[in-house]
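Colleague: below are the sequence and a predicted model; questions follow.
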Amino acid sequence: GGVVRSAAVGPVPIGDVDARVATPMPTGVGELDRVLQGGLVAGSVTLLAGEPGMGKSTLLLQALGRLAAGGTTCLLVTAEESCAQVKVRAERVGALHPRLLVVAETSLPHVLADAAGAAPQVLAVDSIQTVVDPDLPGAPGSVTQVRDSAHRLVQHAKEHGRATVLVGHVTKEGTLAGPRVLEHVVDTVLSFEGDRGHSLRALHALKHRFGATDEVGLFEMTEHGLTDVPDASARFLTDRRPGVPGSAVAAVLEGARPMLVEVQALVMRTAAPMPRRSAAGMESGRLAMLLAVLERHARVACAGADVYASVAGGLRVTERGLDLALALAVAGAQLDLVTTRDTVAIGELGLGGEVRSVPQLERRLTEAARLGFRRAVVPAGVRAVGRLDALELLEVGSVRDAIEEALLPAG
């Protein structure tokens, strides 16, 4: 069925278009609203994607519970769990509310009929992979089924002005299980990520038609559900032991959000013909490149050694501003040198050993100053940065300069 077109609406001059988009409804979950730039928009479709076991259903239930408590009627279609299982989780996360309706259903025509009958302001389907249209070929989760179900739910959302949230599972490779086509159909794609060994979870917007995609939401998984982590830097530096070789602090950007993380490195001599290179929380190829740069341009050789590097706290950093701190951590581990406890390092490394500038340096430095850091190792020529009285800037042109300026003998 096509969308019914009003005869009164035809082509208009672009200047006459009403640009006021629907006002977002805050969900009441602070970090989720941060990523959504305010909340859910009526008639929009949001895909919440992530690996199984990350806590997507928990996050969704908490948001629906708070929306319901604020007077919004919500319908949760549970296509994977029974209503009883959902109720147990709702009790645990404090989401029991009469305005939050729940139905266990996998048949798409029944889902649409339930939504028409309950007329909620927010419809949530957990998960899109288990919803089936009996009139279509293919098993649940197949490309045909998932694509068609999503299309029908998008059409329903637009026709009724109903904010809709679809949960989608992601495979180990990081692609949406079933079709990537879902990403093109929906208005917003949220990716919920984390490390199973850590309680930290990060929420990114991969696509958002109603705002920017540069915010990241951080949550801690607890026995009572997900709690917001508004001050990430303080959390990541909690267990830090300054004065230990192989540790450095970096100011990285997650989206538009500056945060300080500890980078750790361990270098161990080995007789193995192929030394190990282990990178946790960072790209392994980046570590290999930095080891080559250190050997070629700073005479820090790790050829006959196993190298282990990690970002402490469970965060995965793909941003290049981590390079300089990682290089200082590896050099410190190999040469038995340390950075002072109040030193932060910010910079990208080039293949020539040069320290290159990174975006939003001022925001990173402000965050470091807020947390009590006093020295910042930064790329040379950053004088344009507004002077932060609390910080002494150590400007370095090369990785060799950085090692000489920032590292001191241990003890």
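Modeller: Done, it's in.

Colleague: and the biggest strand by length in the chain, what's buried?
Modeller: Ranked by number of residues, the top strand in the chain under DSSP state E is strand 257-269. Judged by neighbour count using 16 or more other C-beta atoms under 10 Å, the buried positions of strand 257-269 are 257-267. The way it works is simple: take the backbone N, C-alpha and C, and place the C-beta from them, glycine included.

Colleague: just after the top helix by length along the chain, pick out the following helix or strand.
Modeller: Secondary structure of the chain per DSSP state H: the longest helix is helix 143-160. Following helix 143-160 in sequence order, the next helix or strand is strand 163-169 (DSSP states H and E).

Colleague: now do the helices in the stretch 51-200 of the chain.
Modeller: For the stretch 51-200 of the chain, helices defined by DSSP state H, counting those that start in this stretch occupy the ranges 56-69, 83-93, 108-118, 143-160, 181-185.

Colleague: what would these look like in CSV with mean neighbour count, distance to Arg374 and mean pLDDT?
Modeller: Shown next, in CSV, are these (neighbours: other C-beta atoms under 10 Å; distance: least, C-beta to C-beta, whole Å; pLDDT from 0 to 100):
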stretch, mean neighbour count, distance to Arg374, mean pLDDT
helix 56-69, 24, 38, 97
helix 83-93, 14, 41, 96
helix 108-118, 16, 57, 96
helix 143-160, 19, 52, 92
helix 181-185, 17, 45, 85
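
Colleague: same list, those helices, but as TSV with distance to Thr130 please.
Modeller: Below are the helices of the stretch 51-200 of the chain laid out as TSV (distance: least, C-beta to C-beta, whole Å):
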stretch	distance to Thr130
helix 56-69	12
helix 83-93	14
helix 108-118	11
helix 143-160	10
helix 181-185	14
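
Colleague: still on that earlier bit, flag every buried residue along the helix or strand just after the longest strand of the chain.
Modeller: Next in sequence after strand 257-269, counting helices and strands by DSSP H and E, comes strand 277-280. In terms of neighbour count (16+ other C-beta under 10 Å), strand 277-280 has its buried residues at 277, 279-280.

Colleague: averaged pLDDT, stretch 392-406. What do you get?
Modeller: Averaging pLDDT along stretch 392-406 gives 95.

Colleague: of the buried residues of strand 257-269, which is the nearest to Arg375?
Modeller: Leu260 (13.3 Å; C-beta to C-beta).

Colleague: contacting residues for the closest one?
Modeller: 233, 236-237, 249-252, 344, 367-368, 371, 373 (C-beta atoms under 8 Å, 6 or more residues apart in numbering).

Colleague: which strands and helices lie in contact with the helix or strand of the chain with the lowest mean pLDDT?
Modeller: None of the helices or strands of the chain scores lower by mean pLDDT, DSSP states H and E than helix 181-185, at a mean of 85. Judged by 3 or more C-beta pairs under 8 Å, 6 or more residues apart in numbering; DSSP states H and E, the packing partners of helix 181-185 are strand 45-50, helix 143-160.

Colleague: what's the closest of these to Val377?
Modeller: With distances scored as C-beta to C-beta, the stretch of these nearest to Val377 is strand 45-50 (35.4 Å).

Colleague: mind listing the strands that closest one pairs with, and their directions?
Modeller: strand 163-169 (parallel), strand 188-194 (parallel) (DSSP bridges).

Colleague: got the contact list for that strand?
Modeller: Around strand 45-50, the neighbours that count as contacts under C-beta under 8 Å, 6+ apart are 36, 40, 56, 59-60, 128, 150, 153-154, 157, 163-170, 176, 182-183, 185-193.

Colleague: equivalent analysis for stretch 382-399, please.
Modeller: The contact list for stretch 382-399, computed with C-beta under 8 Å, 6+ apart, reads 293-294, 297-298, 324, 327, 347, 349, 353-355, 357, 361-362, 365-366, 368-369, 373-381, 402, 405-406.

Colleague: give me the buried subset of those.
Modeller: Applying 16+ other C-beta under 10 Å to the contacts of stretch 382-399, the neighbour count classes 293-294, 297-298, 324, 327, 347, 349, 353-355, 357, 361, 365-366, 368-369, 373, 375-380, 402, 406 as buried.

Colleague: out of these, which sit inside helices?
Modeller: 293-294, 297-298, 324, 327, 361, 365-366, 368-369, 402, 406.

Colleague: is it possible to get TSV of those that adds distance to Gly225?
Modeller: As requested, these are exported to TSV (distance: C-beta to C-beta, whole Å):
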residue	distance to Gly225
Val293	44
Leu294	43
His297	48
Ala298	47
Leu324	37
Ala327	39
Leu361	36
Leu365	35
Thr366	32
Ala368	32
Ala369	34
Ala402	43
Ala406	41
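
Colleague: report the backbone C-alpha coordinates of stretch 328-341 in PDB.
Modeller: Provided in PDB are the C-alpha atoms of stretch 328-341 (Å, rounded to 0.1, in the frame of the first residue of the first chain):
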ATOM      1  CA  LEU A 328      55.200   6.500  25.400                       C
ATOM      2  CA  ALA A 329      53.700   3.500  27.100                       C
ATOM      3  CA  VAL A 330      55.600   1.000  24.900                       C
ATOM      4  CA  ALA A 331      58.900   3.000  25.100                       C
ATOM      5  CA  GLY A 332      58.500   3.300  28.900                       C
ATOM      6  CA  ALA A 333      57.900  -0.400  29.200                       C
ATOM      7  CA  GLN A 334      61.000  -1.300  27.100                       C
ATOM      8  CA  LEU A 335      63.300   1.300  28.600                       C
ATOM      9  CA  ASP A 336      62.000   1.200  32.200                       C
ATOM     10  CA  LEU A 337      60.900   4.800  32.100                       C
ATOM     11  CA  VAL A 338      57.800   6.500  33.400                       C
ATOM     12  CA  THR A 339      55.700   9.600  32.800                       C
ATOM     13  CA  THR A 340      54.800  11.800  35.800                       C
ATOM     14  CA  ARG A 341      51.400  11.200  37.300                       C
END
